[in-house]
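Engineer: Structural data only, the sequence is not supplied:
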């Protein structure tokens with residue numbers, strides 16, 4: 001069993017919409033999430049916002065890496081906001097295809113959204129108690145997100161990362177993995 005640091009300063013939790021990742025997010029971070037995202041039993045008033053991001057899903061045709069349709073998610077997680085998911089998010093086609101170009105595009109999109117989140121935290125003068133962002137995703141996709149083929153996350157592993165501007169003028173950011 002791996003023990004991640006206790007997330008006490010979380011503003012937002014972004015997660016893959018695959019069932020096992022939703023379950024991990026609720027089990028690991030349910031106490032810090034706002035109850036409107038996970039229900040009265042798990043969450044609290046004024047907790048972190050939970051956003052499901054289809055770009056964070058694993059990209060493979062394996063059954064364990066293929067998501068569920070919206071009806072199945074609504075049935076299994078009735079309190080969860082799935083409005084960010086399109087009807088075809090789980091099909092492993094188009095933007096979520098099982099190919100290097102689709103995975104790279106998803107990783108780039110996530111990095112851009114993380115950059116906007118970080119910029120909003122700074123711009124909005126968010127208090128210290130709400131500055132961290134938790135991302136719950138998959139090990140293979142994390143390699144693309146952090147642009148590090150040598151990144152090795154054990155099952156149920158975690159890493160502390162920092163979103164930082166990339167050198168150059170393309171306006172993108174990097175996700176740097178800490179040695180913590």
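Structural biologist: Happy to help now that I have it. All values reported here derive from a predicted model rather than from experimental measurement. Numbering: from 1, shown residues only.

Engineer: hey, where'd the helices end up in the protein?
Structural biologist: Using DSSP state H, the helices assigned to the chain run over residues 19-29, 35-38, 70-76, 100-123, 139-145.

Engineer: which of the residues in the last one are buried?
Structural biologist: Residues of helix 139-145 classed as buried: 141, 142, 143, 144, 145 (neighbour count, 16 or more other C-beta atoms under 10 Å). Placement of C-beta: from N, CA and C, glycine included.

Engineer: Identify the residue spatially nearest to the fourth one, adjacent ones excluded.
Structural biologist: Translated: residue 144. residue 107 (4.0 Å; C-beta to C-beta, 6 or more residues apart in numbering).

Engineer: how close does residue 159 sit to residue 108?
Structural biologist: The gap separating residue 159 from residue 108 is 19 Å, by C-beta to C-beta, to the nearest Å.

Engineer: ok, residue 107 to residue 34 distance?
Structural biologist: 27 Å.

Engineer: One more: residue 81?
Structural biologist: Here residue 81 is placed at a distance of 10 Å from residue 34 (C-beta to C-beta).

Engineer: what residues do these two have in common as contacts?
Structural biologist: Common neighbours of residue 81 and residue 34, using C-beta atoms under 8 Å, 6 or more residues apart in numbering, are residue 50.

Engineer: rewinding a little: identify, from the buried residues of helix 139-145, the entry nearest to residue 100.
Structural biologist: Checking the buried residues of helix 139-145 against residue 100 with C-beta to C-beta, the nearest one is residue 144 at 8.7 Å.

Engineer: Enumerate every residue touching the closest one.
Structural biologist: Under the criterion of C-beta under 8 Å, 6+ apart, the contact list for residue 144 reads 103, 104, 106, 107.

Engineer: Mind doing that once more with 7 Å?
Structural biologist: Applying C-beta atoms under 7 Å, 6 or more residues apart in numbering to residue 144 gives the contacts 103, 104, 107.

Engineer: looking at it, the first one is touching residue 59, isn't it?
Structural biologist: Looking back up the chat, that one is residue 103. Yes - when contacts are counted by C-beta atoms under 7 Å, residue 103 is listed as touching residue 59 (4.8 Å).

Engineer: Mind pulling up the pLDDT for residue 149?
Structural biologist: The per-residue pLDDT reported for residue 149 equals 73.

Engineer: cool, residue 56 as well?
Structural biologist: At residue 56, pLDDT is 91.

Engineer: Next one: it from residue 137, what distance?
Structural biologist: When distance is defined by C-beta to C-beta, residue 56 is 4 Å away from residue 137.

Engineer: Spell out which residues are contacts of both of the two.
Structural biologist: With C-beta under 7 Å, 6+ apart as the test, residue 56 and residue 137 both reach residue 16.
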